[in-house]
Structure formats: structure tokens, C-alpha cells
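Colleague: below are the sequence and a predicted model for it; my questions follow.
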Amino acid sequence: MTAAARTASLERSTSESQISLSLDLDGTGASDIDTGVPFFDHMLTALARHSLTDLTVRATGDVHIDVHHTVEDTGILLGQAILEALGDKSGISRYGDAFVPLDEALAQAVVDISGRPYLVHSGEPAGFEFHLIGGHFTGSMVRHFFEALVLNARLTVHLKLVEGRDPHHIAEAEFKAFARALRQAKALDPLVAGIPSTKGAL
């Protein structure tokens, strides 16, 4: 019996952004990303590659005002797509954890596909949220993105920067750590029968 495809294709349109997104949770990490925010494209590409999720994103938004709307709205849509693609979550590992270094930066992520959205995000140095990465993406966008994704995918995520100085390295280590933890959590485990919860639902 062939397993059902764990895919989703969604669109979101507001006065601030227009986004189309498709993903395959059982892909190879291939991506085709264009959000109009180059550093964000780089982070989404890393997320796809290291989570082994095929991801296509097309976004246009009011980036001439701020990148906030495009980043947050993409996080919302990506979370919704992950939730849809997971289906009833039967047979998944459910939990994942990862430490990922990038030179002097080290990030830890723990993911629970719990059905209960909760984000604990800590460890970034004071002032990181104000730093412009690539001249356009502020450090604060990292948390905004993960808040939007976690809420809409209904994940419990603990994301912690253990060490770090360079803002680019900090953000990238956090995205990659989340990706690796998600890769474990979404994986189908042949030893898991049904939904991995004593409640019988996630």
C-alpha cells in the first residue's frame, strides 16, 4: 500500500502581501524561493535543504515599507502548509532535536508536532533584534517568522542560541537547527503504529 503524499499548495493574499507556496514533506530539500527579501530567501533555502522538504515560494509585498509583512505572512502560510501536509500525523516520529553550529554560533532546536502551538525562543544577544542583516532583514524577523510558523503549524518549539556573535551566523544557525529538528519530527517511523499520542490525536 502506497503512503499518501504529504504535500500542500496554498495561497495568501492581503493588502500587504501576495504569497503562493507549495511543499512536499518527503522531498529531497529542493527549493525555488523568491520573496523579494534576499536574506530571507537564503534562510528558507537552508530550511528546505536541511529539513529535506521540497519548497517553492513566490511572494510579493510592501518591502519598500518594511520586510515585516512579507516575512511574517510567509511564516503563516508555511505553517498552514506544514499542518495540512502532515495530515492526521499517523506514523510520525513526532519529536526532533538538533544542535547546529555555524562558525562561532551554535543553536539548539527541539520540535514537538504536538498540536499545541508554543514557542520558547531565547539566547540571542542584546541588540541582535535591531541589526540589519544584508542591509534589509532585521534580527527581530527571526522571532517573528518562527512565531508565525509555530502558531499556524501547531508545533511546540524550543529554539535557543547557545553561542553567537555574528548576526548572519546567528540567524542561519537557528534556521538550520529548526530544520534539522523538524526533519526528525516529521519523519515516518516504521515502529510507530498510528498516532504517537496517548490521546489518540495530535
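Modeller: Good, I have the coordinates.

Colleague: point out where this structure drops to low pLDDT.
Modeller: Within the chain, the stretches with pLDDT under 70 are 1-2.

Colleague: tell me the contacts of P167?
Modeller: Neighbouring residues of P167 by CB atoms under 8 Å, 6 or more residues apart in numbering: F128, H131, I133, G139. All C-beta spots, glycine's among them, are computed from the backbone N, C-alpha and C.

Colleague: let me redo that: V111
Modeller: Contacts of V111 (CB under 8 Å, 6+ apart): Y95, G96, D97, L155, T156, V157, F178, A181, L182, Q184, A185.

Colleague: and the residue nearest to the last one when sequence neighbours are not counted, how far from D189?
Modeller: Read that as A185. Leaving out its chain neighbours, the residue that sits closest to A185 by CB to CB, 6 or more residues apart in numbering is G96, at 3.5 Å. In this view, G96 and D189 are 11 Å apart by CB to CB, to the nearest Å.

Colleague: more neighbours, these two?
Modeller: Shown here are G96 and D189; by other CB atoms under 10 Å, G96 has more neighbours (23 against 12).

Colleague: please name every helix or strand in contact with the helix or strand where the more buried one lies.
Modeller: Assignment of secondary structure by DSSP states H and E places G96 within strand 95-102. Packing partners of strand 95-102 (3 or more CB pairs under 8 Å, 6 or more residues apart in numbering; DSSP states H and E): strand 105-112, helix 167-186.
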